[in-house]
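**Q** 3D model of this:
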Amino acid sequence: MLIRNATRALAPVALILAASCAPAATTEGAPAAAGGAGAAAAVTVTPELIAEGRTVFTGAGRCGVCHGPTARGGSLGPDLTDDEWIWVTPGADMHAQIVEIIRNGIEEPREFPAPMPAMGGANLSEQQLNALAAYIGTL
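**A** Model prediction:
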């Protein structure tokens, strides 16, 4: 688990992400990265990207169905606003890990009854994935 306050001090404005080539999270049972070798795509997290992510969260991403409309959790998904992360490895690129969790889903959740489908069951673009990860990283 990761204390979110420590991450906030490291994360905010410029995160670099290997969007389609990010390494898998090293947490046991964490989803594997999709994609293969290639050049990394740089993503700069801006207030606009974060705002776009909020729109994806409440709309096309369908995240509120399980995580609640304000991301404070529900019966099917964890609170994304607290200080605990179930699937994020401390010290690794948080943004890349969140992108991969969203991209691949969680087939066997540790603390909730239902799996998280890849992309929440939606069909999200790389831009939407990065925007959503940027937003979730600020909660």
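
**Q** what about residue 106, how many neighbours?
**A** Per other CB atoms under 10 Å, the neighbour tally for residue 106 reads 21. For the C-beta atoms, the positions are set from N, CA and C on the backbone; glycine is no exception.

**Q** do residue 85 as well
**A** Residue 85 is flanked by 20 other residues according to other CB under 10 Å.

**Q** now it: how far from residue 79?
**A** In this view, residue 85 and residue 79 are 10 Å apart by CB to CB, to the nearest Å.

**Q** in this protein, where is pLDDT below threshold?
**A** By pLDDT under 70, the weakly predicted segments of the chain are 1-42.

**Q** next, count neighbours for residue 110.
**A** The tally of other residues near residue 110 (other CB under 10 Å) stands at 9.

**Q** excluding its backbone neighbours, what's nearest it?
**A** Leaving aside its sequence neighbours, residue 110 sits nearest to residue 86 (CB to CB, 6 or more residues apart in numbering; 5.8 Å).

**Q** helix, strand, or coil at the one you found?
**A** coil (DSSP: H, G, I helix; E, B strand; the rest coil).

**Q** tally of neighbours for it?
**A** Residues lying near residue 86 (other CB under 10 Å) number 16.

**Q** next one: it from residue 117, what distance?
**A** Using CB to CB, we find residue 86 at a distance of 17 Å from residue 117.

**Q** again with residue 69
**A** Distance from residue 69 to residue 117, counting by CB to CB: 19 Å.

**Q** who has more neighbours out of those two?
**A** Using other CB under 10 Å, the more surrounded residue of residue 69 and residue 117 is residue 117, with 14 against 11.

**Q** quick check: the closest residue in space to that one that isn't next to it in sequence vs residue 64, distance?
**A** Nearest residue to residue 117, sequence neighbours excluded (CB to CB, 6+ apart): residue 105, at 4.9 Å. Using CB to CB, we find residue 105 at a distance of 16 Å from residue 64.

**Q** wait, isn't residue 103 in contact with residue 126?
**A** No - the criterion here is CB atoms under 8 Å, and residue 103 misses it with residue 126 at 9.2 Å.
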